[in-house]
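1. Give me the fold of what follows.
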Amino acid sequence: MAEIKIEKKKPVWPWVALLLLIAGIIYYIYFCDHTVHNENSVEIENTTSAQ
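-> Modelled structure (predicted):
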């Protein structure tokens, strides 16, 4: 009789985890707000009337 070699399937979850990591990095780079918020800046409202 002939021998039939059966190979186990390789796990897919490491590839899925890698794709999710890459997608998360791309999302962070393109869609997150990268502006620096300065907490020391104060907006002053002009309350004088110019009539």
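
2. And for V42, the neighbour number?
-> Residues lying near V42 (other CB atoms under 10 Å) number 6. Backbone N, C-alpha and C define where each C-beta goes, glycine included.

3. tell me the secondary structure for it?
-> Here V42 is recorded as coil under DSSP: H, G, I helix; E, B strand; the rest coil.

4. try the one 3 residues further on
-> At E45 the chain is in coil, as set by three-state DSSP.

5. how deep is it tucked in, by neighbour count?
-> Other residues within reach of E45, judged by other CB under 10 Å, total 4.

6. separation between it and E39?
-> To E39, E45 is 19 Å away according to CB to CB, to the nearest Å.

7. Tell me the confidence at the residue positioned nearest the centre of the chain?
-> Nearest to the mean C-alpha position of the chain, counting by CA atoms, centre = their mean, stands Y28 at 3.0 Å. Note on Y28: pLDDT of 90.

8. repeat for the one 3 residues further on
-> On pLDDT, F31 comes in at 82.

9. Would you mind listing where this protein has pLDDT under the threshold?
-> Applying pLDDT under 70 to the chain flags residues 34-38, 41, 49-51.

10. ok, which stretches of it are helices?
-> 13-31 (DSSP state H).

11. So what's the residue count around L18?
-> 10.

12. Measure how buried I22 is and give me the count.
-> 10.

13. quick one: it from Y28, how far?
-> Taking CB to CB, one finds I22 at 11 Å from Y28.
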